[in-house]
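In: Here is a sequence with its predicted model. Questions after.
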Amino acid sequence: MSETEKKVQSGVMKAAGILVIANFLSSALGFVRDIIISSVFNLGADTDAYSAAFTIPDTIYTILVGGGLSAAFIPVFSSYIAEKKEEDGYKMASTILNLVAIFAALLCIIGEIFTPQLLPLCVDFSGDSWTPEAIQLTVTLTRIMFFQCFFMCLTGICMGILQSYKDFTPPSIGSVLYNITIIGVGVLLLTLGTGIAGFCVGVVTGSIVNLLVQIFPIYKHGFKYMKIIDLDHSGVKQFFSLFGPALIGIAVTQLNLVVNRRFASGLDEGILSNIVYAQRIMQLPINIFAYAIAMSIFPTMVEHHATDQMDEYKKDLSLGIRNVAFIIMPCAAGIISIRVPLIRAVYHQGNFSPENVNILATLLAFYCIGMIGYSVRQVVLQGFYAVKETKTPVMINIFILCLNMLLTMIFVKLWSANGIALAYSIAGLVSVATQTFFLRRRIGSIRGNEIKSSLIKMFISCVAMFTVVTIGWQLFEKLVEPVSKKIQLIELLYLLFLGVGTYVVMALALKMEELKSILVVLKRKFKKS
């Protein structure tokens, strides 16, 4: 590895490390929230209403903040920074920020008025479990959570500014405080008798806290806010040329989850909640690691492309793909192997029954099949956006949406809820394969030999890990019956250490470069400490 590659690796790993820690804390707090809700309210009408109410606001947030805005904003604003044209960058960013504020306010007003008409697009209320009271509760909860859209849209632009400066700390802190606020406000209002609606109020309050955390740090980087809307600005025009296709592409991707939830809402009571919980567990490693690595490497790829350093750009891309796969493949294999002990240790308390443990564990296994696809595609997608190519991902995502809907309609009749999860996983694997194929056509070789070599070693390591963990699980339960929560947690920790240890030993034995690079960065950090 050359010195340049080492510097890029070190910079990316440092940024990714910040995001990984923050995303882990945020996701862990999200699980605490889910555990509290599932324990208090059971997986029934209340939790189904809460999960359904999250659908529209969460979809809007993911499409705008998590996808469209960042995909279009960061390449343009980062280019101004790289070319030392900060003043033009401030004008462009201020215009976009003001337009987003106006649009988000109008979006909230429309959402509040037309909630009863919008919900049936995402939720199938025809099932027997959806009583008039449950439907009305869903409408009320959705209206409460719609307010978060305004604050989250503004947060998205502020985060884009900070990430363009390669400052990932405030966005990371904001995501942690967001979940802490939801739990704190939700539990407080729960004691006052507001029921599950208290957690919806917590969502809105958390989005306000998240925004405040982002606002002040952007000025430390010299950002100058301007009260202007300059639609003739070249940067603004460039933003919208990227934003439209990126928005459609992300929207189509997010609709895959909406399709899952709509089909699930028409099944038995509690299935929708099980689907949502399984999706969140599956998304946990993606959000913690894949998203962190993809976002940390994105500004570097943009910079290398903007300065016509395509070889360095391809090294960034290869590095991102290999690092994501190195972490996500064992996560998927590990979760599948310990799915029952995991669900039992985390969720089995209060009103969460043993039957729900088996249902959720099986769903989770089917979702994890596609985890590697949805993880690596995060990096490949950033590769498209870094070279300002947004139309191709749109076409691919539309195809994947149609495929997911077709497979879901077929599989749900064969395997009910498990068919929904399997269809989603297959769509994810097809998605990353298709995107990689077309990105190679766009930029040429992406250092495929080194990626292929690493993937083979990772697969061998995962097979070994899966075998050892499965045997370890069977032996543990022959010796000790996991009845108490203490024993369940001990079993889970034992299996986690066994799995991680086996994978690391295999990675060392196979001399995997990805592990070496991580150890080098950790060694440098340890010496500095």
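Out: Looks like it came in fine. Residues are numbered from 1 along each chain as shown.
In: Where does the prediction get shaky in the stretch 151-300 of the chain?
Out: The stretch 151-300 of the chain contains residues with pLDDT under 70 at 249-254.
In: Would you map the helices across it?
Out: 169-191, 197-220, 234-265, 271-285, 291-306 (DSSP state H, counting those that start in this stretch).
In: For the shortest one, name the packing helices and strands.
Out: Which is helix 271-285. helix 3-41, helix 45-63, helix 234-265, helix 310-337, helix 354-368, helix 371-386, helix 391-443 (3 or more Cβ pairs under 8 Å, 6 or more residues apart in numbering; DSSP states H and E). For every residue, glycine as well, the C-beta is placed using N, CA and C.
In: on that earlier part again, could you dump the helices of the stretch 151-300 of the chain into TSV with distance to Asn98 and mean neighbour count added?
Out: Formatted as TSV, the helices of the stretch 151-300 of the chain follow (distance: least, Cβ to Cβ, whole Å; neighbours: other Cβ atoms under 10 Å):
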stretch	distance to Asn98	mean neighbour count
helix 169-191	21	19
helix 197-220	15	20
helix 234-265	11	21
helix 271-285	32	24
helix 291-306	24	25
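In: mind giving me CSV with those and columns for distance to Thr362?
Out: Shown next, in CSV, are these (distance: least, Cβ to Cβ, whole Å):
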stretch, distance to Thr362
helix 169-191, 27
helix 197-220, 27
helix 234-265, 14
helix 271-285, 9
helix 291-306, 26
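In: Nearest to Met329 among those helices would be which one?
Out: helix 271-285 (10.0 Å; Cβ to Cβ).
In: which one of the helices and strands packed on helix 271-285 lies closest to Gln136?
Out: helix 45-63 (8.9 Å).
In: Quick check: next helix or strand after that closest one?
Out: helix 70-82 (DSSP states H and E).
In: what angle separates that next one from helix 391-443?
Out: On the basis of axes from the mean of the first three to the mean of the last three Cα atoms, to 10 degrees, helix 70-82 is oriented at 50 degrees to helix 391-443.
In: start the count at 224, not 1, going forward
Out: Will do, 224 is the new start, and the previous item becomes helix 293-305.
In: Can you tell me the centre-most residue of the chain?
Out: Asn510 (3.8 Å; Cα atoms, centre = their mean).
In: confidence score at Gln654?
Out: No Gln there; residue 654 is Ser. Looking at Ser654, its pLDDT reads 93.
In: if I look at it, how far off is Leu624?
Out: Here Ser654 is placed at a distance of 10 Å from Leu624 (Cβ to Cβ, to the nearest Å).
In: between these two, which one's more packed in?
Out: Ser654 (27 against 20; other Cβ atoms under 10 Å).
In: State the distance from the more buried one to Ser598.
Out: 11 Å.
In: How about Phe512?
Out: 7 Å.
In: Report the secondary structure state of Ile694.
Out: On the three-state scheme (DSSP: H, G, I helix; E, B strand; the rest coil), Ile694 is labelled helix.
In: do the same with Trp353
Out: Following three-state DSSP, the label given to Trp353 is coil.
In: and it, what does it touch?
Out: Residues in contact with Trp353 (Cβ atoms under 8 Å, 6 or more residues apart in numbering) are Ser488.
In: 10 Å instead, please
Out: 268, 271-272, 275, 346-347, 361, 488-489, 492, 495 (Cβ atoms under 10 Å, 6 or more residues apart in numbering).
In: just those residues now: which is nearest Glu578?
Out: Nearest member of these to Glu578, counting by Cβ to Cβ, is Glu492, at 12.5 Å.
In: before we move on, back to that, how about the contacts of Trp353 in CSV, adding distance to Phe254?
Out: Putting the contacts of Trp353 into CSV (distance: Cβ to Cβ, whole Å) gives the following:
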residue, distance to Phe254
Ala268, 22
Asp271, 19
Ala272, 20
Ala275, 20
Val346, 24
Asp347, 27
Thr361, 23
Ser488, 22
Gly489, 27
Glu492, 23
Leu495, 18
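In: quick check, nearest of the residues you listed to Glu736?
Out: Leu495 (42.9 Å).
In: so that closest one sits right up against Asp269, yeah?
Out: No: using Cβ atoms under 10 Å, Leu495 is not in contact with Asp269, being 11.7 Å away.
In: Touching both of those two, which residues are there?
Out: With Cβ under 10 Å, 6+ apart as the test, Leu495 and Asp269 reach no residue in common.
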